[in-house]
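**Student:** Below is the structure, and that's it, no one-letter string:
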């Protein structure tokens with residue numbers, strides 16, 4: 001394996017470039033027209049255009065990706081996550097072209113990528129599963145239940161149903177969403193385990209029959225069935241339960257002849273019972289917390305396994321060295337969760353001991369609504385869970401992303417929830433404690449301070465040095481950060497630093513990690529409030 005094509009974009013493409021570089025392997029980036037100047041394109045050794053912004057004509061176009069592999073001389077393909085990462089037909093095509101697919105076989109993917117078949121495989125491997133029923137045979141005493149898409153994930157095609165009378169409508173809407181998202185409208189109905197935690201097991205398996213579980217992760221802080229905050233290890237689990245889940249995950253992987261990295265997801269009930277949910281046949285978004293907690297490079301192990309290497313460690317040699325917590329920074333409204341998009345005009349990323357930022361951001365880049373809104377993952381590591389939590393809060397408060405509204409306010413809110421602080425949270429904790437609009441409105445003092453700063457003489461107009469890739473020229477695991485204020489920071493009462501810039505008639509500023517967008521002048525605000533057309 002000498003040259004790997006990365007069939008993805010954004011932060012995961014950057015992550016794989018770094019993994020390749022660490023093993024002396026050349027990398028090939030692919031890009032749509034929207035990503036022509038993206039970080040992964042600039043950092044890779046080679047880059048090939050694959051189509052327009054529409055993912056169906058670029059990142060989901062198998063013919064275009066394989067043509068790029070041929071044109072660039074790649075001998076292997078890494079799918080990243082999302083897009084084609086769990087598409088067994090894509091694996092078949094890659095292998096048919098004489099290339100190495102960095103991931104499991106198409107056969108294992110077909111077995112485990114479909115939730116219904118994966119549950120059958122789990123039951124055969126003596127792995128506990130959640131009770132489920134046919135769509136037309138759900139008993140009245142089974143509710144609440146969860147209607148789920150058999151293919152895909154990420155919370156799409158999933159509906160909670162509390163009453164039998166609501167089941168038919170939930171099936172119709174879930175089927176529609178599943179078909180649009182995955183091209184498959186097959187659904188399953190399973191028991192909803194109330195008060196449960198979402199705990200997953202990281203797996204590594206080589207082609208020589210060796211399989212190991214690399215600890216566990218808690219991913220219970222979710223909104224709309226999508227993860228927001230993850231940590232490793234899962235807090236408060238008895239050692240025997242961790243072992244039982246890890247061994248169950250290994251049994252399932254070996255029964256399915258699974259090779260490479262994967263993640264077995266479980267629900268853990270309040271009474272300690274655990275139930276298999278699914279096995280993600282790829283590298284997870286949240287893999288960095290396992291890397292930091294256990295001191296292992298999972299992305300490099302994917303490459304090493306794919307080129308035929310054996311796992312070099314026994315199960316009892318994998319020991320936790322720290323606690324790590326990750327927050328997913330999305331370009332989305334922290335109240336409605338709608339994607340926001342925009343153009344990044346200023347960027348300041350946290351750095352320092354125990355802080356890692358995985359991202360593919362560059363100043364001037366357009367945040368496209370055509371793709372997943374994930375901007376970055378901020379990971380903090382510490383000797384204890386509370387050390388990691390406090391460090392992550394500080395890192396998020398240091399963060400400044402101007403040009404797109406982010407969910408930073410929600411992340412900071414989530415990390416301070418009493419149940420999360422105590423480690424007693426479950427999958428309903430965040431949904432029961434969401435922000436309302438008033439919680440994310442800037443105070444009058446903040447707005448006044450930002451307007452005063454933008455009006456001050458000598459403020460820097462050119463923020464080109466805000467580009468962290470330009471500033472340091474390469475990846476740094478500790479974080480990609482330089483002092484990139486658009487003018488000097490302004491201290492306003494106890495709010496900490498304010499970073500501010502102007503874009504057209506709007507003022508963009510951040511304080512304690514939260515991004516705001518307001519009209520530049522108070523006059524414009526008054527006009528807008530009065531409903532007067534100022535043009």
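**Tutor:** On my side now, so go ahead. What you see is a predicted model, and the numbers here were worked out from it, not measured in a lab. Residues are numbered from 1 along each chain as shown.
**Student:** tell me how far the helix or strand hosting residue 454 is from the chain's mean position?
**Tutor:** Residue 454 belongs to helix 444-455 when assigned by DSSP states H and E. Counting by Cα atoms, centre = their mean, to the nearest Å, helix 444-455 is centred 33 Å from the centre of its parent chain.
**Student:** Next up, the contacts around residue 398.
**Tutor:** Contacts for residue 398 were tallied using Cβ atoms under 8 Å, 6 or more residues apart in numbering; they are 348, 350, 513. Just so you know, the C-beta spots here come from the backbone N, C-alpha and C atoms, and that holds for glycine as well.
**Student:** Tell me the one of the residues you listed nearest residue 189?
**Tutor:** Distance to residue 189, by Cβ to Cβ, is smallest for residue 513 among the contacts of residue 398, at 40.3 Å.
**Student:** ok, back up a step: so which of the contacts of residue 398 belong to strands?
**Tutor:** Among the contacts of residue 398, the residues falling in strands (DSSP state E) are residue 348.
**Student:** Run the chain-centre distance for stretch 435-445.
**Tutor:** With Cα atoms, centre = their mean, you get 26 Å for stretch 435-445.
**Student:** tell me the centre residue of the protein?
**Tutor:** Closest to where the C-alpha atoms of the chain average out (Cα atoms, centre = their mean) is residue 285, at 4.1 Å.
**Student:** Please name the nearest non-neighbouring residue to that residue.
**Tutor:** Using Cβ to Cβ, 6 or more residues apart in numbering and skipping residues adjacent in sequence, the residue nearest residue 285 is residue 81, 5.9 Å away.
**Student:** show me the contacts for residue 177.
**Tutor:** 149, 156, 157.
**Student:** Pull the number of nearby residues for residue 168.
**Tutor:** 11 (other Cβ atoms under 10 Å).
**Student:** whoops, residue 116 was the one
**Tutor:** 14.
**Student:** how much space between it and residue 132?
**Tutor:** Going from residue 116 to residue 132 by Cβ to Cβ, to the nearest Å gives 8 Å.
**Student:** Which residues are in contact with each of those two?
**Tutor:** residue 188.
**Student:** ok, longest strand in this protein?
**Tutor:** Counting residues, the longest strand found in the chain (DSSP E) is strand 211-223.
**Student:** who does that strand touch, helix- and strand-wise?
**Tutor:** Secondary structure elements in contact with strand 211-223, counted by 3 or more Cβ pairs under 8 Å, 6 or more residues apart in numbering; DSSP states H and E, are strand 197-205, strand 226-232, helix 239-255, helix 287-294.
**Student:** List of residues touching the last one?
**Tutor:** What it means is helix 287-294. Contacts for helix 287-294 (Cβ under 8 Å, 6+ apart): 202, 214-215, 217, 230-233, 261, 296-299, 318-326, 356, 358, 377, 379, 381.
**Student:** what mean pLDDT does that helix have?
**Tutor:** In this model, helix 287-294 has a mean pLDDT of 98.
**Student:** just checking, next helix/strand downstream of that helix?
**Tutor:** helix 298-306.
**Student:** strands paired with the helix or strand that that following helix is followed by, and their directions?
**Tutor:** Downstream of helix 298-306, the next assigned helix or strand under DSSP H and E is strand 323-330. Sheet pairing for strand 323-330, assigned by DSSP bridges, gives strand 226-232 (antiparallel), strand 374-382 (antiparallel).
**Student:** now the angle between strand 211-223 and strand 323-330, please.
**Tutor:** 50 degrees (axes from the mean of the first three to the mean of the last three Cα atoms, to 10 degrees).
**Student:** tell me the average confidence for strand 323-330?
**Tutor:** Mean predicted lDDT for strand 323-330 stands at 99.
**Student:** can you list the domain ranges for the chain.
**Tutor:** What the record gives for the chain is the domain set 3-102, 131-191, 197-439, 443-530, from automatic domain parsing.
**Student:** Regarding the second one, how distant is the last residue from the first?
**Tutor:** Read that as domain 131-191. Its start and end residues considered, domain 131-191 measures 6 Å (Cα to Cα, to the nearest Å).
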